[in-house]
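Enquirer: turn this into a structure:
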Amino acid sequence: MRRILIFILISFLLSPVWARDYQSLYRGMVSDREFKAKDKTILLFWSMRCPYCRKSIRALKNKCGELKNEGYYLYLINGGESREKIKPFIQREGITCPVLLDYEGDLGYIYQVLGIPTFVFLYKGEEIDRTNYLNEDVLKIVYGKR
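Expert: Numbering: from 1, shown residues only. Just a heads-up that it's a prediction; the model follows:
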């Protein structure tokens, strides 16, 4: 009985059940509850050092509003780079999606991101799929049954 209680206590302490706040490029702090509360959320993990990431972001240039109108919420999660480094790129590309600054790599760790770019697809807060690219066919396949 004692071992079970210790296991439950340790599991609770190590699980990410509490809300975490992340610095946003423009809006101050954003809670992970914000994107977990939405039905269809897409998290793009990326870095300025990655040419494929920059290419993916450029491809999304005019898609943020379009995706939102279709019920998808896209968040760009930058891993470990400073606001001063990424802000000029985001402004130059005209990106309107929320950009979160994951300085410590917490979100990357929680979602077990091993390579970038990585698109993580959430449905009502639960991960349902992931891929390294995004297009309309991927959205139909991933969210088609929901």
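
Enquirer: can you give me the neighbour number for D39?
Expert: 13 (other C-beta atoms under 10 Å). (Each C-beta comes from the backbone N, C-alpha and C, glycine too.)

Enquirer: hang on, it packs against K124?
Expert: Yes - at 5.8 Å, D39 counts as touching K124 under the criterion of C-beta atoms under 8 Å.

Enquirer: counting contacts, what elements does whichever helix or strand Y109 is part of pack onto?
Expert: For Y109, the host element (DSSP states H and E) is helix 106-110. If contacts are counted by 3 or more C-beta pairs under 8 Å, 6 or more residues apart in numbering; DSSP states H and E, helix 106-110 sits against strand 40-46, strand 72-79.

Enquirer: got the contact list for the residue nearest the centre of the chain?
Expert: Note on the chain: the residue nearest the mean C-alpha position is L43, at 2.6 Å, using C-alpha atoms, centre = their mean. By C-beta atoms under 8 Å, 6 or more residues apart in numbering, the residues touching L43 are 35, 75, 77, 107, 111, 119-120, 122.

Enquirer: just the closest of the residues you listed to C97, please.
Expert: Nearest to C97 out of these is Y75 (C-beta to C-beta; 6.6 Å).
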